[in-house]
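Colleague: Build the 3D model from these lines:
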Amino acid sequence: MPQQATHRFVARTKRFDILAGVVVMSVPTAFSKLLGDYTPKLERLISRGASISWAPKNLASWLITRSIGWMAHQFRLFIGYSDPEAKEVGRVYQACNFMFLGHDYGTTVLYCDPERPDEWFTDRHVRHRTAYQKYAAEAGIPWKDEWVEGHRLVWERIPPGFAAILKRKEEEYKSRCIERTAAPKGKYAYDLTEDHLLVTGAPRRGRGGPHPLMSSEVERRRCRRGSPLSCLTKIGRTSGGGCRLRGEGSRGVLRP
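Modeller: Numbers count the residues shown, from 1 in each chain. The predicted model follows:
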């Protein structure tokens with residue numbers, strides 16, 4: 001699970017209340033620049049998503065669209081990634097009318113702790129706040145909350161001697177890890193701010209390109225972007241039958 005998950009949504013069958021799909025939204029590890037300086041306040045990452053094999057054909061896109069609609073009052077930009085190593089090609093994001101931004105996103109180097117061989121992570125993991133807290137405990141350094149602002153360390157507030165020890169422990173841990181290369185990921189964005197200048201005061205930072213899987217026929221039949229409700233009617237009626245949505249997040253529980 002992501003370390004900063006903020007919203008969780010599940011789809012269950014109306015009969016027997018069986019879990020059929022899950023979507024988890026979280027704070028991005030690194031914010032994009034699509035909305036300028038306002039991006040950190042308006043962006044969320046689709047960090048996890050799954051639907052069971054016997055679910056309705058388009059349950060995944062239906063659940064993502066409903067989840068976005070539930071969060072639209074607080075957030076306006078939703079980011080998703082496709083991993084070619086997992087044979088993901090972005091079909092679900094295409095069905096939800098996400099913008100395709102390119103194939104060259106994400107880290108190209110992954111690490112694995114020999115003590116946890118089933119978990120691969122990026123170099124951001126070894127520089128996370130909780131990782132530095134672990135390094136401090138190993139070195140016998142008393143941790144102070146004033147060193148942290150949000151989810152990052154403010155190195156100027158850490159005594160130089162302690163900062164050098166934390167950096168050394170970071171390098172030691174990183175050197176113990178197994179390293180391998182990884183293919184870059186595809187990136188997709190769902191932008192609810194139709195007019196950036198009116199909504200955020202920030203210019204648009206690129207519209208992206210055509211989806212790599214999108215044919216001319218699908219392009220002609222796309223529902224209008226701008227509001228998740230424009231897709232919800234089509235997707236919900238054709239693929240949402242037999243399921244209901246529950247959501248948990250910073251605003252409580254959704255039971256439509």
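Colleague: Please enumerate the helices of this structure.
Modeller: 39-42, 59-71, 91-95, 129-139, 160-176, 196-199, 216-220, 228-239 (DSSP state H).
Colleague: which helices and strands does the fourth one pack with?
Modeller: Packed against helix 129-139, as judged by 3 or more Cβ pairs under 8 Å, 6 or more residues apart in numbering; DSSP states H and E, are the following elements: strand 152-153, helix 160-176. C-beta coordinates here come from the backbone N, C-alpha and C atoms, glycine included.
Colleague: switch to 6 Å and redo it
Modeller: Helix 129-139 sits against helix 160-176, with contacts defined as 3 or more Cβ pairs under 6 Å, 6 or more residues apart in numbering; DSSP states H and E.
Colleague: Next, the angle from the helix it packs on to helix 129-139.
Modeller: 100 degrees (axes from the mean of the first three to the mean of the last three Cα atoms, to 10 degrees).
Colleague: pLDDT averaged over helix 160-176 - what is it?
Modeller: The average of the pLDDT scores along helix 160-176 is 95.
Colleague: which other helices and strands contact that helix?
Modeller: Contacts defined by 3+ Cβ pairs under 6 Å, 6+ apart place helix 160-176 against helix 129-139.
Colleague: The helix it packs on: which residues count as buried?
Modeller: For helix 129-139, a neighbour-count test (16 or more other Cβ atoms under 10 Å) marks A131, Y132, Q133, Y135, A136 as buried.
Colleague: can you tell me the distance between the two ends of stretch 72-89?
Modeller: End-to-end span of stretch 72-89 (Cα to Cα, to the nearest Å): 26 Å.
Colleague: Could you list the residues in contact with that stretch?
Modeller: Defining contact as Cβ atoms under 6 Å, 6 or more residues apart in numbering, one finds that stretch 72-89 is touched by 35, 42-46, 68, 90, 93, 183, 185-193.
Colleague: now the spatially most central residue of the chain, which residues is it bridged with?
Modeller: Nearest to the mean C-alpha position of the chain, counting by Cα atoms, centre = their mean, stands L45 at 2.3 Å. Legend: beta-bridge partners of L45 under DSSP bridges are S26, I79.
Colleague: Please name the residues that touch it.
Modeller: The contact partners of L45, taken as Cβ under 6 Å, 6+ apart, are S26, P28, I79.
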